[in-house]
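Visitor: mind looking at a prediction? Sequence and model below.
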Amino acid sequence: MRGKFITFEGIDGAGKSSHVEWLAETLRQRGLSVLVTREPGGTALGEKLRELLLSEAMHLETETLLMFAARREHLAQRIEPALARGEWVICDRFSDATWAYQGGGRGLDKAKFLALERWVHEHLQPDLTLLFDLPLEVARERIVLANRVLDKFEQERADFHERVRQAYLERAHANPSRMRVIGADDSLENIRKQLEVIASSICS
Ligand SMILES: Nc1ncnc2c1ncn2[C@@H]1O[C@H](COP(=O)(O)OP(=O)(O)OP(=O)(O)O)[C@@H](O)[C@H]1O
Ligand SMILES: Cc1cn([C@H]2C[C@H](O)[C@@H](COP(=O)(O)O)O2)c(=O)[nH]c1=O
(Lines give C-alpha, C1' and ligand atoms only; values in the text may rest on other atoms or scores of the structure.)
(Ligands and ions follow the chains in the order given, each with its own letter.)
Protein backbone atom coordinates (compact mmCIF):
# COMPACT_ATOMS: atom_id res chain seq x y z
CA MET A 1 0.00 0.00 0.00
CA ARG A 2 1.22 3.53 -0.85
CA GLY A 3 2.57 5.51 2.10
CA LYS A 4 1.27 8.88 3.25
CA PHE A 5 2.84 12.23 2.45
CA ILE A 6 2.88 14.78 5.28
CA THR A 7 4.27 18.30 4.94
CA PHE A 8 5.14 20.95 7.54
CA GLU A 9 4.72 24.63 6.71
CA GLY A 10 4.89 28.03 8.37
CA ILE A 11 6.69 31.36 8.44
CA ASP A 12 10.37 31.38 9.42
CA GLY A 13 10.75 30.71 13.15
CA ALA A 14 7.27 29.17 13.49
CA GLY A 15 8.81 26.14 15.19
CA LYS A 16 7.90 23.47 12.64
CA SER A 17 11.37 21.87 12.42
CA SER A 18 11.32 21.29 16.19
CA HIS A 19 8.48 18.78 15.64
CA VAL A 20 9.43 17.01 12.41
CA GLU A 21 11.65 14.34 14.00
CA TRP A 22 9.28 13.98 16.94
CA LEU A 23 6.33 13.19 14.63
CA ALA A 24 8.52 10.78 12.63
CA GLU A 25 9.48 8.94 15.83
CA THR A 26 5.84 8.86 16.99
CA LEU A 27 4.84 7.26 13.68
CA ARG A 28 7.78 4.80 13.80
CA GLN A 29 6.62 3.68 17.25
CA ARG A 30 3.35 2.79 15.57
CA GLY A 31 5.27 0.45 13.25
CA LEU A 32 5.52 2.73 10.24
CA SER A 33 8.62 3.29 8.14
CA VAL A 34 9.19 7.04 7.84
CA LEU A 35 11.43 9.15 5.60
CA VAL A 36 12.18 12.68 6.84
CA THR A 37 13.29 15.22 4.28
CA ARG A 38 13.12 18.94 3.48
CA GLU A 39 12.73 21.56 0.76
CA PRO A 40 14.46 23.17 -0.88
CA GLY A 41 16.85 20.24 -0.65
CA GLY A 42 16.43 16.55 0.04
CA THR A 43 18.79 15.39 -2.74
CA ALA A 44 22.45 16.20 -3.48
CA LEU A 45 21.38 18.53 -6.31
CA GLY A 46 18.54 19.99 -4.24
CA GLU A 47 20.91 20.84 -1.39
CA LYS A 48 23.21 22.67 -3.84
CA LEU A 49 20.22 24.61 -5.15
CA ARG A 50 19.20 25.34 -1.54
CA GLU A 51 22.55 26.99 -0.89
CA LEU A 52 22.04 29.28 -3.88
CA LEU A 53 18.38 29.96 -3.13
CA LEU A 54 18.99 30.92 0.48
CA SER A 55 21.92 33.22 -0.24
CA GLU A 56 21.83 34.70 -3.78
CA ALA A 57 19.59 37.53 -4.93
CA MET A 58 17.83 36.53 -8.18
CA HIS A 59 14.82 37.32 -10.36
CA LEU A 60 11.55 36.13 -8.82
CA GLU A 61 10.87 33.74 -11.72
CA THR A 62 14.39 32.30 -11.49
CA GLU A 63 13.82 31.71 -7.77
CA THR A 64 10.46 30.04 -8.43
CA LEU A 65 11.81 27.85 -11.24
CA LEU A 66 14.75 26.73 -9.08
CA MET A 67 12.38 25.85 -6.21
CA PHE A 68 10.37 23.68 -8.62
CA ALA A 69 13.50 22.23 -10.26
CA ALA A 70 14.76 21.10 -6.85
CA ARG A 71 11.28 19.72 -6.13
CA ARG A 72 11.15 17.75 -9.40
CA GLU A 73 14.44 16.06 -8.52
CA HIS A 74 13.29 15.45 -4.95
CA LEU A 75 10.03 13.86 -6.10
CA ALA A 76 11.76 11.64 -8.66
CA GLN A 77 14.66 10.54 -6.50
CA ARG A 78 13.22 10.29 -3.02
CA ILE A 79 9.58 11.16 -2.36
CA GLU A 80 7.79 9.12 -5.04
CA PRO A 81 9.97 5.98 -4.63
CA ALA A 82 9.52 6.06 -0.84
CA LEU A 83 5.73 6.43 -1.10
CA ALA A 84 5.63 3.61 -3.66
CA ARG A 85 7.55 1.35 -1.22
CA GLY A 86 4.84 2.04 1.36
CA GLU A 87 6.96 4.41 3.45
CA TRP A 88 5.51 7.57 4.96
CA VAL A 89 7.25 10.79 3.97
CA ILE A 90 7.50 13.84 6.22
CA CYS A 91 8.77 16.86 4.32
CA ASP A 92 9.75 20.17 5.96
CA ARG A 93 8.12 22.50 3.38
CA PHE A 94 6.75 21.73 -0.11
CA SER A 95 4.78 23.64 -2.77
CA ASP A 96 2.64 25.55 -0.26
CA ALA A 97 5.89 27.34 0.63
CA THR A 98 6.26 28.49 -3.00
CA TRP A 99 2.65 29.64 -2.93
CA ALA A 100 3.26 31.60 0.28
CA TYR A 101 6.83 32.95 -0.22
CA GLN A 102 7.11 33.51 -3.97
CA GLY A 103 3.35 34.07 -4.42
CA GLY A 104 2.25 35.87 -1.25
CA GLY A 105 5.60 37.33 -0.22
CA ARG A 106 6.99 38.39 -3.60
CA GLY A 107 3.84 38.64 -5.72
CA LEU A 108 4.38 35.83 -8.25
CA ASP A 109 1.44 35.52 -10.65
CA LYS A 110 -0.82 32.74 -9.34
CA ALA A 111 -1.30 31.32 -12.85
CA LYS A 112 2.48 30.77 -13.11
CA PHE A 113 2.53 28.96 -9.77
CA LEU A 114 -0.40 26.77 -10.80
CA ALA A 115 1.21 25.92 -14.16
CA LEU A 116 4.44 24.80 -12.45
CA GLU A 117 2.56 22.86 -9.79
CA ARG A 118 0.58 21.06 -12.51
CA TRP A 119 3.76 20.34 -14.48
CA VAL A 120 5.84 19.07 -11.55
CA HIS A 121 3.30 17.17 -9.46
CA GLU A 122 -0.10 17.14 -11.13
CA HIS A 123 -1.14 13.88 -9.53
CA LEU A 124 0.47 14.28 -6.14
CA GLN A 125 -0.52 16.51 -3.25
CA PRO A 126 0.36 15.98 0.41
CA ASP A 127 -2.18 13.82 2.25
CA LEU A 128 -1.81 16.17 5.21
CA THR A 129 -0.18 19.58 5.67
CA LEU A 130 0.47 20.96 9.15
CA LEU A 131 0.58 24.75 9.02
CA PHE A 132 2.32 26.21 12.07
CA ASP A 133 0.72 29.60 12.54
CA LEU A 134 1.66 32.34 14.98
CA PRO A 135 2.08 36.12 15.13
CA LEU A 136 5.12 37.42 13.30
CA GLU A 137 6.60 39.06 16.40
CA VAL A 138 6.67 35.73 18.27
CA ALA A 139 8.42 34.00 15.37
CA ARG A 140 10.94 36.88 15.10
CA GLU A 141 11.67 36.69 18.81
CA ARG A 142 12.38 32.96 18.52
CA ILE A 143 14.80 33.56 15.64
CA VAL A 144 16.58 36.30 17.60
CA LEU A 145 16.82 34.07 20.69
CA ALA A 146 18.26 31.23 18.57
CA ASN A 147 21.05 33.67 17.61
CA ARG A 148 21.52 32.16 14.14
CA VAL A 149 22.88 33.73 10.98
CA LEU A 150 19.88 34.95 8.97
CA ASP A 151 19.39 33.58 5.45
CA LYS A 152 18.07 35.57 2.47
CA PHE A 153 14.41 35.01 3.36
CA GLU A 154 14.85 35.63 7.08
CA GLN A 155 16.45 38.98 6.23
CA GLU A 156 13.27 40.14 4.47
CA ARG A 157 11.19 42.93 6.06
CA ALA A 158 8.25 42.31 8.36
CA ASP A 159 5.65 43.17 5.67
CA PHE A 160 7.06 40.37 3.45
CA HIS A 161 6.63 37.83 6.27
CA GLU A 162 3.15 39.13 7.05
CA ARG A 163 2.14 38.55 3.41
CA VAL A 164 3.66 35.05 3.58
CA ARG A 165 1.61 34.31 6.71
CA GLN A 166 -1.62 35.58 5.12
CA ALA A 167 -0.99 33.57 1.92
CA TYR A 168 -0.52 30.40 3.99
CA LEU A 169 -3.76 31.06 5.89
CA GLU A 170 -5.67 31.70 2.65
CA ARG A 171 -4.34 28.44 1.19
CA ALA A 172 -5.34 26.55 4.36
CA HIS A 173 -8.80 28.11 4.15
CA ALA A 174 -9.10 26.96 0.52
CA ASN A 175 -7.89 23.41 1.30
CA PRO A 176 -9.54 22.51 4.62
CA SER A 177 -9.43 18.73 4.13
CA ARG A 178 -5.67 18.69 3.48
CA MET A 179 -4.33 21.54 5.64
CA ARG A 180 -4.56 21.73 9.44
CA VAL A 181 -3.64 24.97 11.18
CA ILE A 182 -1.58 24.39 14.33
CA GLY A 183 -1.64 27.17 16.94
CA ALA A 184 2.15 27.53 17.19
CA ASP A 185 2.21 30.37 19.75
CA ASP A 186 2.21 27.81 22.53
CA SER A 187 4.64 25.63 24.48
CA LEU A 188 6.38 22.72 22.73
CA GLU A 189 4.46 20.39 25.06
CA ASN A 190 1.03 21.79 24.13
CA ILE A 191 1.87 21.75 20.43
CA ARG A 192 2.84 18.08 20.75
CA LYS A 193 -0.55 17.40 22.32
CA GLN A 194 -2.21 18.91 19.21
CA LEU A 195 0.06 16.79 16.98
CA GLU A 196 -0.64 13.61 18.97
CA VAL A 197 -4.37 13.95 18.30
CA ILE A 198 -3.67 14.44 14.58
CA ALA A 199 -1.19 11.51 14.50
CA SER A 200 -3.81 9.22 16.07
CA SER A 201 -6.42 10.28 13.54
CA ILE A 202 -4.20 9.76 10.49
CA CYS A 203 -3.02 6.34 11.68
CA SER A 204 -6.52 4.99 12.34
N1 LIG B 1 6.87 26.28 20.93
C2 LIG B 1 8.02 26.91 21.06
N3 LIG B 1 8.23 27.75 22.08
C4 LIG B 1 9.41 28.42 22.20
N5 LIG B 1 10.46 28.30 21.36
C6 LIG B 1 10.30 27.46 20.31
C7 LIG B 1 9.09 26.72 20.11
N8 LIG B 1 9.22 25.98 18.99
C9 LIG B 1 10.46 26.22 18.52
N10 LIG B 1 11.11 27.10 19.30
C11 LIG B 1 12.46 27.64 19.08
O12 LIG B 1 12.34 28.59 18.04
C13 LIG B 1 13.43 28.50 17.15
C14 LIG B 1 12.92 28.20 15.74
O15 LIG B 1 12.35 26.91 15.76
P16 LIG B 1 12.43 25.96 14.48
O17 LIG B 1 13.80 25.96 13.91
O18 LIG B 1 11.78 24.67 14.85
O19 LIG B 1 11.45 26.77 13.54
P20 LIG B 1 11.17 26.62 12.01
O21 LIG B 1 9.72 26.92 11.80
O22 LIG B 1 11.66 25.33 11.49
O23 LIG B 1 12.02 27.83 11.48
P24 LIG B 1 12.75 28.01 10.07
O25 LIG B 1 11.73 27.69 9.03
O26 LIG B 1 13.11 29.45 10.10
O27 LIG B 1 13.94 27.09 10.05
C28 LIG B 1 14.37 27.41 17.70
O29 LIG B 1 15.38 28.00 18.46
C30 LIG B 1 13.44 26.57 18.60
O31 LIG B 1 14.12 25.99 19.67
C1 LIG C 1 10.36 25.21 -0.23
C2 LIG C 1 10.46 26.70 -0.26
C3 LIG C 1 11.15 27.39 0.70
N4 LIG C 1 11.23 28.73 0.67
C5 LIG C 1 11.97 29.44 1.73
C6 LIG C 1 11.31 29.40 3.07
C7 LIG C 1 12.45 29.45 4.04
O8 LIG C 1 12.73 30.81 4.33
C9 LIG C 1 13.60 28.82 3.28
C10 LIG C 1 13.89 27.40 3.68
O11 LIG C 1 14.50 27.33 4.90
P12 LIG C 1 13.84 26.64 6.23
O13 LIG C 1 15.02 26.06 6.93
O14 LIG C 1 12.82 25.65 5.83
O15 LIG C 1 13.22 27.77 6.98
O16 LIG C 1 13.21 28.81 1.91
C17 LIG C 1 10.64 29.43 -0.36
O18 LIG C 1 10.76 30.67 -0.41
N19 LIG C 1 9.96 28.77 -1.31
C20 LIG C 1 9.84 27.43 -1.32
O21 LIG C 1 9.20 26.83 -2.23
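Guide: Cool, the structure landed. Ligands and ions are numbered 1, 2, ... in the order given.
Visitor: all strands for this structure, in order.
Guide: Assigned by DSSP state E, the strands in the chain fall at 5-10, 34-38, 88-92, 128-133, 179-183.
Visitor: wait, which of these is closest to ligand 1?
Guide: Ligand 1 sits nearest to strand 5-10 of all these, at 5.1 Å, using C-beta to the nearest ligand atom. To be clear about C-beta, it is placed using only N, CA and C from the backbone, and glycine gets the same treatment.
Visitor: so what's the nearest residue to D185 once chain neighbours are set aside up against?
Guide: Nearest residue to D185, sequence neighbours excluded (C-beta to C-beta, 6 or more residues apart in numbering): L134, at 4.0 Å. L134 is in contact with 10-11, 14-15, 183-185, counting by C-beta atoms under 8 Å, 6 or more residues apart in numbering.
Visitor: ok, and the most crowded of these?
Guide: If you count neighbours using other C-beta atoms under 10 Å, the busiest of the contacts of L134 is I11, which has 28 neighbours.
Visitor: next one: that one from ligand 1, what distance?
Guide: For I11, the distance to ligand 1 equals 7 Å [C-beta to the nearest ligand atom, to the nearest Å].
Visitor: thought L27 was touching I198?
Guide: No: counting by C-beta atoms under 8 Å, L27 does not reach I198; the two are 11.1 Å apart.
Visitor: more crowded one of the two?
Guide: L27 (19 against 15).
Visitor: reformat the contacts of L134 as a markdown table; add pLDDT and distance to H59.
Guide: Shown next, in a markdown table, are the contacts of L134 (pLDDT from 0 to 100; distance: C-beta to C-beta, whole Å):
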| residue | pLDDT | distance to H59 |
| --- | --- | --- |
| G10 | 98 | 26 |
| I11 | 98 | 23 |
| A14 | 97 | 27 |
| G15 | 96 | 31 |
| G183 | 96 | 36 |
| A184 | 97 | 32 |
| D185 | 97 | 35 |
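Visitor: those into TSV, with extra columns for distance to G31?
Guide: Shown next, in TSV, are the contacts of L134 (distance: C-beta to C-beta, whole Å):
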residue	distance to G31
G10	28
I11	34
A14	29
G15	27
G183	29
A184	28
D185	33
